[in-house]
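In: Let me see the structure of the following:
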Amino acid sequence: MPDPIRWMSTAEVAHYLGVNTRTLYRMIDEGDLAAYKFGRVIRLQESDVVAFVQQARIAPGSLEHLYPMPTRAEA
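Out: Take a look at the predicted model:
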């Protein structure tokens, strides 16, 4: 028998991701994160949230453009 689905509220997910609920709603609306509506309640699957976090992982060496090496004149 498969594991039961663990549902999370929008408040739980926003806190887990460290964003406000408005940002979370935008992420859902843009299709970045799957969500489900049951009546007036929006819920997210914990497995979808964990997968989203894993996909957001930054590859080592991909941020060099954010801290360019100073030129000789700047040093």
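In: Quickly note the distance from Arg57 to Ala14.
Out: Taking C-beta to C-beta, to the nearest Å as the measure, Arg57 falls 20 Å from Ala14. All C-beta atoms are positioned from the backbone trio N, CA, C, and that covers glycine.
In: Then Leu44?
Out: 10 Å.
In: Who has more neighbours out of these two?
Out: The neighbour count for Leu44 versus Ala14, taken as other C-beta atoms under 10 Å, is higher for Leu44 (23 against 19).
In: Quick check: that one is in a helix.
Out: No: under DSSP: H, G, I helix; E, B strand; the rest coil, Leu44 sits outside any helix and is assigned strand.
In: That one and Val53: what is the separation?
Out: Distance, Leu44 to Val53, by C-beta to C-beta: 12 Å.
In: swap in Ile5?
Out: In terms of C-beta to C-beta, Ile5 sits 18 Å off from Val53.
In: Repeat that for Tyr36.
Out: Counting by C-beta to C-beta, the gap from Tyr36 to Val53 is 18 Å.
In: Over to Val19?
Out: Remark: distance between Val19 and Val53 (C-beta to C-beta) = 12 Å.
In: With Gly61 instead?
Out: 20 Å.
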